[in-house]
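[1] Here you go, sequence then predicted model.
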Amino acid sequence: MIIAVDGPAASGKGTIARALAAHYALPHLDTGLLYRAVGQTLIDHGGDPADAKAALAACRFKDKLLVDPRLRDDAAGIAASIVSTHPAVRAALIDRQRSFARQPGGAVLDGRDIGTVIAPDADAKLFVRATSQIRARRRHNELTARGMAVTFDHVLADIKARDKRDSTRAAAPLRQAEDAVLLDTSYLSIESAIHHAIDIVEQRLAARTSG
Ligand SMILES: Nc1ncnc2c1ncn2[C@@H]1O[C@H](COP(=O)(O)OP(=O)(O)O)[C@@H](O)[C@H]1O
Ligand SMILES: Nc1ccn([C@@H]2O[C@H](COP(=O)(O)OP(=O)(O)O)[C@@H](O)[C@H]2O)c(=O)n1
């Protein structure tokens with residue numbers, strides 16, 4: 001079974017994808033980390049994320065970078081959202097994501113274009129959203145808990161800029177797949193968001209077996 005979980009920054013898609021993976025005993029891939037690794041490689045080497053050629057070269061990052069905690073920083077997120085606008089970067093990362101999705105037994109992937117581009121044939125698709133204020137509050141809490149000195153207003157501005165870039169880019173923009181189920185987590189606790197997500201997947205599976 002392939003489960004696709006998409007949505008904007010800090011909507012809760014990673015939390016939901018990890019919980020679904022644990023519930024169904026499936027492997028999970030946070031595809032945002034791949035773009036963050038490309039962004040971080042450029043930060044480390046003084047490259048410009050807007051330079052498509054430099055960004056493509058940075059796609060050859062070492063796998064050990066994927067566990068580097070710096071990938072969770074704001075700077076890596078912003079650089080990721082710039083490198084991800086280059087079609088050549090998206091193309092360089094596509095095989096890895098598609099083969100993860102198609103491994104025997106299936107997988108859960110979360111990102112921006114899983115339901116639309118990476119796994120359009122996924123068995124269940126969720127589109128997770130929350131208001132930008134609530135997402136900024138969550139991300140701000142997360143960053144300050146990690147000791148980063150960043151203001152709420154700064155995080156909110158970053159989230160809005162990233163939303164705009166992710167949804168207006170020409171290559172694989174952030175959008176809800178037609179057959180994805182919308183899950184608004186704005187006023188849901190983590191537990192209840194996970195509960196709703198499992199319900200959605202169960203309904204999809206039931207519809208598939210009865211249809
Ligand atoms: N429903 C929720 N209510 C409150 N906090 C949440 C909820 N879902 C996720 N979070 C918290 O918000 C932050 C961002 O969640 P995450 O799942 O990493 O989002 P995304 O993968 O969409 O960027 C994390 O600190 C997470 O624990
Ligand atoms: N499948 C994906 C995943 C991430 N991305 C890009 O990578 C950036 C970082 O993704 P992320 O999922 O780690 O970001 P958060 O939602 O966790 O803040 C996003 O802003 C997107 O621009 C993408 O283009 N396609």
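    Looks like it arrived, so ask away. Ligands and ions are numbered 1, 2, ... in the order given.
[2] name the helices or strands packed onto the strand or helix carrying Leu143?
    Following DSSP states H and E, one finds Leu143 within helix 132-145. Contacts defined by 3 or more CB pairs under 8 Å, 6 or more residues apart in numbering; DSSP states H and E place helix 132-145 against helix 152-168. Where C-beta positions appear, they are placed from N, C-alpha and C, glycine not excepted.
[3] any idea of the mean pLDDT in the helix it packs on?
    What helix 152-168 shows for mean pLDDT is 94.
[4] any residue of that helix up close to ligand 1?
    No. Applying CB under 6 Å from any ligand atom, one finds helix 152-168 separated from ligand 1 by no less than 9.7 Å.
[5] Off-centre distance for that helix?
    Put simply, helix 152-168 sits 14 Å off its chain's centre (CA atoms, centre = their mean, to the nearest Å).
[6] For it, buried residues please.
    Residues Val155, Leu156, Asp158, Ile159, Arg162, Asp163, Arg165, Asp166 are the ones in helix 152-168 that count as buried (16 or more other CB atoms under 10 Å).
[7] just stretch 89-109 next, same as before
    Within stretch 89-109, the residues scored as buried using 16+ other CB under 10 Å are Val89, Arg90, Ala92, Leu93, Gln97, Phe100, Ala101, Gly106, Ala107, Val108, Leu109.
[8] pLDDT score for the first one?
    Just to be clear, that refers to Val89. pLDDT recorded at Val89 is 98.
[9] So it: helix, strand or coil?
    helix (DSSP: H, G, I helix; E, B strand; the rest coil).
[10] what is the rounded mean pLDDT of the helix ranked longest in the chain?
    Counting by DSSP state H, the longest helix found in the chain is helix 190-210. For helix 190-210, the mean per-residue pLDDT is 94.
[11] sorry, back to before: of all the buried residues of stretch 89-109, which two lie farthest apart?
    Spatial extent of the buried residues of stretch 89-109 (CB to CB) is set by the pair Val89 and Gly106 at 26.2 Å.
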